[in-house]
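Visitor: Structure of the sequence below:
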Amino acid sequence: MKSQTLRLVDAAKMMEVSYRQTKRLWKRYRGEGAKGLQHRSAGKGSNRAKPEKFRRKVLQLIREKYSGTDRSGFGPTLAAEHLADEDGLEVGEGTLRRWMLAEGLWSRMQRRKAHRKRRERREHFADLVQLDGSFQAWFEERGPRRCLRIWDDATGTTSCQMENRKRSGQR
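Guide: Sure, this is the predicted structure:
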């Protein structure tokens with residue numbers, strides 16, 4: 001019976017990396033253990049990150065000039081525009097949004113629109129009618145321009161009619 005060890009060639013196929021990369025990973029695993037398989041940049045800050053001093057300055061300005069209650073305070077987009085125009089501090093909207101969320105200066109609260117009550121339906125046809133119509137070349141070049149008249153009645157009935165001729169005063 002053969003030993004139950006995994007060959008590097010088979011491991012490379014399973015991980016979908018090259019044989020040489022598998023050899024490098026195996027060597028690192030033997031030397032450092034599981035910690036050696038972790039990416040070397042894990043836990044380090046981004047090279048593009050803004051300095052902490054700049055972050056504190058921006059957040060202080062937002063607290064002093066651009067915050068208020070949830071309704072009257074500036075959101076990240078508007079705050080970024082004002083910081084750039086008035087204070088000369090360029091910071092991206094997404095970055096500012098993350099900073100403001102972390103500091104509790106802004107929340108993703110959805111603003112509810114005022115509820116609109118629907119109009120009650122009318123009892124009789126033609127109590128309240130809305131009309132709309134426009135002359136178009138509905139049949140392209142195969143016929144005259146016609147007017148499609150659409151009316152919506154307050155009972156909820158929608159009707160339409162195609163007219164051939166123009167009425168006086170219409171184009």
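
Visitor: For residue 159, give the beta-bridge partners.
Guide: In this entry, residue 159 is beta-bridged to residue 151, by DSSP bridges.

Visitor: what sits against it?
Guide: Each residue near residue 159 by CB atoms under 8 Å, 6 or more residues apart in numbering is listed here: 150, 151, 153. In this view, the C-beta of every residue, glycine as well, is placed from N, C-alpha and C.

Visitor: Could you identify which of those has the most neighbours?
Guide: residue 153 (17 neighbours; other CB atoms under 10 Å).

Visitor: And it, how close does it get to residue 86?
Guide: 55 Å (CB to CB, to the nearest Å).

Visitor: do the same with residue 9
Guide: Residue 9 is 63 Å from residue 86, by CB to CB.

Visitor: which residues of this structure fall in strands?
Guide: Secondary structure of the chain (DSSP state E): strands at 129-136, 146-153, 158-163.

Visitor: Turn these into JSON lines, columns for distance to residue 49.
Guide: Converted to JSON lines, the strands of the chain look like this (distance: least, CB to CB, whole Å):
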{"stretch": "strand 129-136", "distance to residue 49": "56"}
{"stretch": "strand 146-153", "distance to residue 49": "57"}
{"stretch": "strand 158-163", "distance to residue 49": "58"}
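
Visitor: for the contacts of residue 159, which one is nearest residue 63?
Guide: Closest to residue 63 out of the contacts of residue 159 is residue 150 (54.8 Å), distances taken as CB to CB.

Visitor: Report the contact partners of that closest one.
Guide: Residue 150 sits next to 131, 132, 133, 158, 159, 160 when contact means CB under 8 Å, 6+ apart.

Visitor: and what of residue 106?
Guide: 73, 75, 76, 97, 100.

Visitor: List the buried residues for the longest helix that the chain contains?
Guide: Secondary structure of the chain read by DSSP state H shows that its longest helix is helix 19-32. Buried residues in helix 19-32, counted by 16 or more other CB atoms under 10 Å: 22, 25.

Visitor: Next: stretch 84-100.
Guide: So for stretch 84-100, counting by 16+ other CB under 10 Å, buried means 89, 91, 95, 96, 97, 99, 100.

Visitor: Adding distance to residue 29 and pLDDT, write these out as CSV.
Guide: Output for these, formatted as CSV (distance: CB to CB, whole Å; pLDDT from 0 to 100):
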residue, distance to residue 29, pLDDT
89, 46, 93
91, 42, 95
95, 37, 94
96, 42, 94
97, 40, 93
99, 39, 94
100, 42, 92
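
Visitor: Dump those to TSV, plus distance to residue 47.
Guide: Below are the buried residues of stretch 84-100 laid out as TSV (distance: CB to CB, whole Å):
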residue	distance to residue 47
89	20
91	17
95	15
96	20
97	21
99	18
100	23
